[in-house]
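> I'd like to go over a predicted model; first the sequence, then the structure.
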Amino acid sequence: MFFDPKLRKQNRSASLSMALLRVAQAIKSINQDESGAFGLSPVQIQALQFIHHTRDDMVTVKTFAASIGASHVTAVKILNGLVQKGLIYKITSSVDRRITHLRLTNEGFALIVKLNQWGNRLQDVVQSLEESSYEKLEAGLGALVKIMQQQGYLVVAEPCLGCVHFKPNIVQGEYPHYCDLIEKYLTHEASLKECPEHTYLR
């Protein structure tokens, strides 16, 4: 019997896509259960973690919206909920009043410390895989993330090192590094935080 390789690939991709949708639904359910214990939604916890782990100058409403694949209006609604809870506050940029920076309040930072356990349930599921399955999943998801990032469906934030815009240790002093993208010198501590504009060196 003759098998059309193209048709076989289409069938496999359809089956895999359905499996990914089911996994996404399961992950959503797990995250909702864990988030409920903190009185927050999963996306609100994402927002707090985004603000905490991202370099201060890149923590804006715009970059947060891009990181979760949402519209500006949706991102503002999520963030306003956190403002009302006293977990974050907004700062209008002194350079461009259209840009709004985000910061954690003391209460927000205290909650971030408690959120270290958030996501452990999913980690436990992944760790239960056999080693061979674990390696295949790691390789497959890595390739999928790269494709989705290239096609604009996913924003992957990384620290400065390895970014095409990053120029490390070009001067001495408190701000030794330089970012060509924002045209600013950076402290070493700032360079260790994540940036949603990270572009890998080729």
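Nice, I can see it. Quick caveat, the model's predicted, so the values are computed rather than measured.
> give the contact list for the closest residue to residue 59 other than its chain neighbours.
In space, and not counting its chain neighbours, residue 59 is closest to residue 102: 4.8 Å by C-beta to C-beta, 6 or more residues apart in numbering. Quick note: C-beta positions are derived from backbone N, CA and C, even for glycine. Residues counted as contacts of residue 102 (C-beta atoms under 8 Å, 6 or more residues apart in numbering) are 51, 59, 60, 61, 64, 79, 88, 89, 90, 91.
> Between those, which sits nearest residue 161?
Proximity of the contacts of residue 102 to residue 161 (C-beta to C-beta) peaks at residue 59, which lies at 19.1 Å.
> From residue 127, how far out is that closest one?
Residue 59 is 31 Å from residue 127, where distance means C-beta to C-beta, to the nearest Å.
> the more surrounded of the two?
Neighbour count, other C-beta atoms under 10 Å: between residue 59 and residue 127, residue 59 has more, with 24 against 9.
> mind saving the C-alpha coords of stretch 85-104 as PDB?
Extracted in PDB, the C-alpha atoms of stretch 85-104 (Å, rounded to 0.1, in the frame of the first residue of the first chain):
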ATOM      1  CA  LYS A  85      -4.900  45.000  45.100                       C
ATOM      2  CA  GLY A  86      -1.900  47.200  46.100                       C
ATOM      3  CA  LEU A  87       0.600  44.800  44.500                       C
ATOM      4  CA  ILE A  88       2.000  47.100  41.800                       C
ATOM      5  CA  TYR A  89       2.100  50.700  40.800                       C
ATOM      6  CA  LYS A  90       2.600  52.600  37.600                       C
ATOM      7  CA  ILE A  91       5.100  55.300  36.700                       C
ATOM      8  CA  THR A  92       4.800  57.500  33.600                       C
ATOM      9  CA  SER A  93       8.100  57.800  31.700                       C
ATOM     10  CA  SER A  94       9.800  61.200  32.100                       C
ATOM     11  CA  VAL A  95      11.200  60.800  28.500                       C
ATOM     12  CA  ASP A  96       8.000  59.700  26.700                       C
ATOM     13  CA  ARG A  97       4.600  60.200  28.500                       C
ATOM     14  CA  ARG A  98       3.100  57.500  26.300                       C
ATOM     15  CA  ILE A  99       5.300  54.900  28.100                       C
ATOM     16  CA  THR A 100       4.100  53.500  31.500                       C
ATOM     17  CA  HIS A 101       6.600  51.600  33.600                       C
ATOM     18  CA  LEU A 102       5.500  49.100  36.200                       C
ATOM     19  CA  ARG A 103       6.900  48.400  39.700                       C
ATOM     20  CA  LEU A 104       6.200  46.100  42.600                       C
END
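> what's the distance between it and the middle of its chain?
From the chain centre to the centre of stretch 85-104 is a distance of 19 Å (C-alpha atoms, centre = their mean, to the nearest Å).
> Buried residues, that stretch. List them.
For stretch 85-104, burial by neighbour count (16 or more other C-beta atoms under 10 Å) applies to 87, 88, 100, 101, 102, 104.
> what's the domain layout of the chain?
8-155, 157-202 (automatic domain parsing).
> I'd like the ones you listed laid out as JSON lines, including mean pLDDT.
Formatted as JSON lines, those follow (pLDDT from 0 to 100):
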{"stretch": "domain 8-155", "mean pLDDT": "88"}
{"stretch": "domain 157-202", "mean pLDDT": "87"}
